[in-house]
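Trainee: sequence first, then the predicted structure:
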Amino acid sequence: MSDTLLPMFAALADETRWGILAELGRDDASASALAARMPVSRQAIAKHLSVLQEVGLVEPVRVGREVRFRAIGAELSATARRLDEIGRAWDRRLAAIKDIAEGL
């Protein structure tokens, strides 16, 4: 499971990619439109979009001659569920440690 999360977390470790993902959460947008909204060049936006696409967080959608990008909510939701599972497992472990410590 961690093998699938690592590339995604590596992609999201960049503040600009977080910003792009937030913008795409509001509305689909082209690289040019994103560059107009953010303090980053269009070329840099295109590279960041490529990274996000590689890990399955965004997808390109052709609208006429323009390519817009959209956030893939299903992948984000699946990641949130995996993180919740990890959190619940840690909660169980910590509760077991607490029970052992209180029994001493």
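Mentor: Perfect, I can see it now. Numbers count the residues shown, from 1 in each chain.
Trainee: in the longest helix along the chain, what's buried?
Mentor: Counting residues, the longest helix in the chain under DSSP state H turns out to be helix 73-103. When burial is assessed from 16 or more other Cβ atoms under 10 Å, helix 73-103 yields the following buried residues: 76, 79. For glycine as for every other residue, the C-beta is placed from the backbone atoms N, C-alpha and C.
Trainee: what's it packed up against?
Mentor: Under the contact criterion of 3 or more Cβ pairs under 8 Å, 6 or more residues apart in numbering; DSSP states H and E, the helices and strands touching helix 73-103 comprise helix 2-12.
Trainee: low-confidence ranges, the chain, go.
Mentor: Regions of the chain meeting the criterion pLDDT under 70 cover residues 1-3.
Trainee: and if we set it to 50?
Mentor: The model of the chain has pLDDT under 50 over residues 1.
Trainee: first-to-last residue distance for stretch 51-68?
Mentor: When the termini of stretch 51-68 are compared using Cα to Cα, to the nearest Å, they are 15 Å apart.
Trainee: nice, that's everything, thank you.
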